[in-house]
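Undergrad: kindly return the folded structure for what I paste below:
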Amino acid sequence: MTRRRVVITGMGAVTPLGNSVDEMFKAQIAGRSGVGPIASFNARRFPTQFAAQIKDFKLSDFVKDPTRWRHAGVNSQFAAAAAQQALDNAGLGDDAKVDRTRFGVYLGSGEGTQDFHNLISMVAASYNPSNRSLDTSIFNRGAIEAFHPGPESEQELHTTPAHLAAYFGLEGPNYNCLTACAASSQAVGEAVEIIRHGDADLMLAGGSHSMIHPLGVTGFNRLTALSTRNDSPEKASRPFDLHRDGFVLGEGAGMVILEELGHAKKRGAKIFGEIAGYGSTADAFAVTDSHPDGLGALACMAGALKDAKLSPTEIGYINAHGTSTKVNDRVETLAIKKIFGDGAYQVPVSSSKSMLGHLIAAAGAVELITCVEAIRRCVVPPTINYDTPDPECDLDYVPNVAREKRVRHALSNSFGFGGQNVSLIVSAFSD
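TA: Predicted structure coming up:
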């Protein structure tokens, strides 16, 4: 039986580099950093005081009825904006003649409204360090209820895909996975499988996340995973550079419309690319650290290549997971060299996180969109802040300046805490 082919017919993004795919990609090609001081809470007592945050975001700029989202968490609002862009881009507005029971949602989206996080922020703001006292009036029932940003349902991980299904009338399969930093890439891969297996014709897939809140920053600081380069935050995310000291938290959403090829052709949809390969593995090693020999990452990339029926020599660009941590960058470089052999030095590898920061669950989907745009526009984005080569990281990381290059097949890597690994291969579409 011929395998059903899955193509991308719509894309949308809300990121620290812009609130559209076009704006985001142009900023990447320009080598612009989206990192700056944290604005959403007072971070002056934190080891890390900066992040890559969304700017100038108003949900009313994207959706027709923003009041439907007034209790929704920031993750759901980012997701709604990116989803609306993707649907519009695909020509799938309210009047589109498609079978909504065959149109599903698969997300990698993080936790919802941060009631507890926000309460901690309120407590911290009331702390007087001179006498180590709290303003206990914050525990007044009325004050706390006034501060409460939304109903309890907004805490649940299934809420964002449920919101999207209800708002856009998508009645097909509906899932959310949270496999850490691999989540939205895995969501795309699993959505592809749903279409391949014939259980849907269209899927809205991607991710949305923000951990730029006191508990998020505290947690990653405790793990010593974040950069603490507070004197020059725009230089803090420096994947593969010898002097990297951790990743930079980001936030945002990336969404794609995945569609069975015959269905897309029948309705005359514009095709932006084809998902040719999907690989997913587990390191089975540790809750946080990657396997030191890169075995899971290696197997993941090999699986994607096998699924796509491609050899390593056919990959023209790799969008690396490239977090800017000591271990991740070394292990990913090692895995690429193992699978690509001598050819590893000929394929350009770059990290979007050098500019976007790390969007955690949403990172993979946004980086997949970057790969699609690199193929379409024949230009590979750079790894910025790459100043001092690391002897253990010796590939072509497209340092600091974008490069014109014709790419037919691009590989996007996403490796998460818990040893979750996902690789996606997107290809230029051809019959």
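Undergrad: where does the residue nearest the centre of the chain fall, phi/psi-wise?
TA: Using Cα atoms, centre = their mean, the residue of the chain that lies closest to the mean C-alpha position is residue 363, 1.6 Å off. Main-chain torsions, residue 363, degrees, to the nearest 10: phi -60, psi -50.
Undergrad: same deal with residue 86?
TA: Torsion angles, degrees, to the nearest 10, at residue 86: phi -60, psi -40.
Undergrad: sorry, back to before: pull up the per-residue confidence for the residue nearest to the residue nearest to the centre of the chain when sequence neighbours are not counted.
TA: Using Cβ to Cβ, 6 or more residues apart in numbering and skipping residues adjacent in sequence, the residue nearest residue 363 is residue 181, 5.8 Å away. Bear in mind the C-beta positions are built from the backbone N, C-alpha and C, glycine included. You'll see residue 181 listed with a pLDDT of 95.
Undergrad: element containing the residue nearest to residue 381 when sequence neighbours are not counted?
TA: Take residue 381 and drop its neighbours on the chain: the residue closest to it by Cβ to Cβ, 6+ apart is residue 28, 4.1 Å away. Taking DSSP states H and E as the criterion, residue 28 maps to helix 21-29.
Undergrad: repeat that for residue 253.
TA: strand 251-260.
Undergrad: I'd like the next helix or strand past that strand.
TA: Taking DSSP H and E, what comes next after strand 251-260 is helix 261-266.
Undergrad: mean confidence for stretch 231-239?
TA: Mean predicted lDDT for stretch 231-239 stands at 98.
Undergrad: quick one: contacts of it?
TA: 33, 35-37, 49-50, 52, 227, 229, 244-248, 320, 322-324, 329, 351, 353-355, 357-358, 383-387, 397 (Cβ atoms under 8 Å, 6 or more residues apart in numbering).
Undergrad: over to stretch 293-309?
TA: With contact meaning Cβ under 8 Å, 6+ apart, stretch 293-309 is reached by 276-285, 290-291, 311-312, 315, 331-332, 334-336, 338-339, 409, 411, 413, 415, 419, 421-425, 427.
Undergrad: quick check on residue 324: phi, psi?
TA: The phi/psi pair for residue 324 (degrees, to the nearest 10) is phi 90, psi 20.
Undergrad: shift numbering so it begins at 46
TA: Okay, residue one is now 46; in that scheme the one you just asked about reads as residue 369.
Undergrad: ok, it - how many residues close by?
TA: Neighbourhood size, residue 369 [other Cβ atoms under 10 Å]: 27.
Undergrad: residue 397 now?
TA: For residue 397, using other Cβ under 10 Å, the count is 32.
Undergrad: relative to residue 349, how far out is it?
TA: 18 Å (Cβ to Cβ, to the nearest Å).
Undergrad: in the stretch 146-295 of the chain, which spans are helices?
TA: 160-170, 186-192, 204-213, 228-241, 259-267 (DSSP state H, counting those that start in this stretch).
Undergrad: where does this protein have low pLDDT?
TA: 46, 157-202 (pLDDT under 70).
Undergrad: kindly calculate the angle that the helix or strand hosting residue 348 makes with helix 228-241.
TA: Under the criterion of DSSP H and E, residue 348 resides in helix 340-353. If you take axes from the mean of the first three to the mean of the last three Cα atoms, to 10 degrees, helix 340-353 sits at 30 degrees to helix 228-241.
Undergrad: next SSE after helix 340-353?
TA: According to DSSP H and E, the helix or strand after helix 340-353 is strand 362-364.
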